[in-house]
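Engineer: coords please:
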Amino acid sequence: DLLRRKAKIQCVLVVGGFAESPLLIKHLCSQIDQKRCRVIRPKNPSLTILKGALMYGQDPEKIVTRISKYTYGIQCRAPFEPNKHPERLKEIVDGKEMCSTIFSRLISVGDQVMLGQIIQETYTPSDPEQTVINLTIFRSKDPNPKFTCDEEELTTINVPIPNTSKGLDRKVMVQMDFSSTKIHFTACNADGGAPVE
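Structural biologist: Have a look, this model is predicted:
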């Protein structure tokens, strides 16, 4: 995919069990302009993954940055706009035309993130009487998805927002934490309350 997009790749490092296959390496080399991009296969490609995991376990700070494999976001609701939203996504909520499947992007596929980096976004309720915000997290291979309909749902975080006296003027903070090998999502009521994972 990257080769078809003419990405500026200078080196392809082939590791893992499939890298043992001469047929795979031959095919890969036939698809790549060797003057522009080198194909490198370590001596023991099967052990490379294991060695990397051991090195990371001994010193996690060896990994300084990561490249996001997916676009991550939260499903949101907004007033329906005929020139922006497909008619099939229109819903009537409390007498108003709404689109409830908007992909609110936190990070895009291919974005570089630093170890320990935290991405934060703020969300508000769509109903002044709402006492819980349900934040459904999605991921996509598309760098700029508009709607969640065709994307992969990961999980839902339910954040209590019991004080309805502020109506729509209440905030929930969502954090996406890159401190470990797994991405960690938390959300909390900006007015107080324990973080929810």
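Engineer: all contacts plus neighbour counts: C-alpha atoms, from now on.
Structural biologist: Will do.
Engineer: Pull out the buried positions in stretch 182-197.
Structural biologist: Buried residues in stretch 182-197, counted by 16 or more other Cα atoms under 10 Å: Phe185, Thr186, Ala187, Cys188, Asn189, Ala190.
Engineer: Please write out the alpha-carbon positions of it in CSV.
Structural biologist: Below are the C-alpha coordinates for stretch 182-197, written out as CSV (Å, rounded to 0.1, in the frame of the first residue of the first chain):
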residue,chain,number,x,y,z
LYS,A,182,-1.1,-0.8,24.7
ILE,A,183,-3.0,2.4,24.2
HIS,A,184,-5.0,3.3,27.3
PHE,A,185,-8.2,5.3,27.2
THR,A,186,-9.7,7.1,30.3
ALA,A,187,-12.4,9.7,30.7
CYS,A,188,-13.6,11.8,33.6
ASN,A,189,-16.2,14.4,34.5
ALA,A,190,-14.4,17.8,34.5
ASP,A,191,-16.5,18.8,37.5
GLY,A,192,-14.9,16.0,39.5
GLY,A,193,-15.3,12.3,39.9
ALA,A,194,-13.0,9.3,39.4
PRO,A,195,-11.6,8.6,36.0
VAL,A,196,-13.4,5.8,34.1
GLU,A,197,-11.5,3.3,31.9
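Engineer: Could you pick out the longest helix of this structure?
Structural biologist: Longest helix of the chain, by residue count under DSSP state H: helix 45-58.
Engineer: what sits opposite the most centrally placed residue in the chain in the beta ladder?
Structural biologist: Compute the mean C-alpha point of the chain, and by Cα atoms, centre = their mean the closest residue is Tyr72, 2.5 Å away. Tyr72 has these beta-bridge partners by DSSP bridges: Ile107, Arg139.
Engineer: I'd assumed Leu106 was in contact with it.
Structural biologist: Yes - contact criterion Cα atoms under 8 Å: Tyr72 and Leu106 qualify, at 5.6 Å.
Engineer: Quick one: neighbours of the nearest residue to Ile183 once chain neighbours are set aside, just the number.
Structural biologist: Spatial nearest neighbour of Ile183, chain neighbours left out: Asp177 (5.8 Å); criterion: Cα to Cα, 6 or more residues apart in numbering. Asp177 is flanked by 18 other residues according to other Cα atoms under 10 Å.
Engineer: And the pLDDT at Asp177?
Structural biologist: For Asp177, the model assigns a pLDDT of 90.
Engineer: Give me the distance between it and Gly193.
Structural biologist: Distance of Asp177 to Gly193, computed by Cα to Cα, to the nearest Å: 19 Å.
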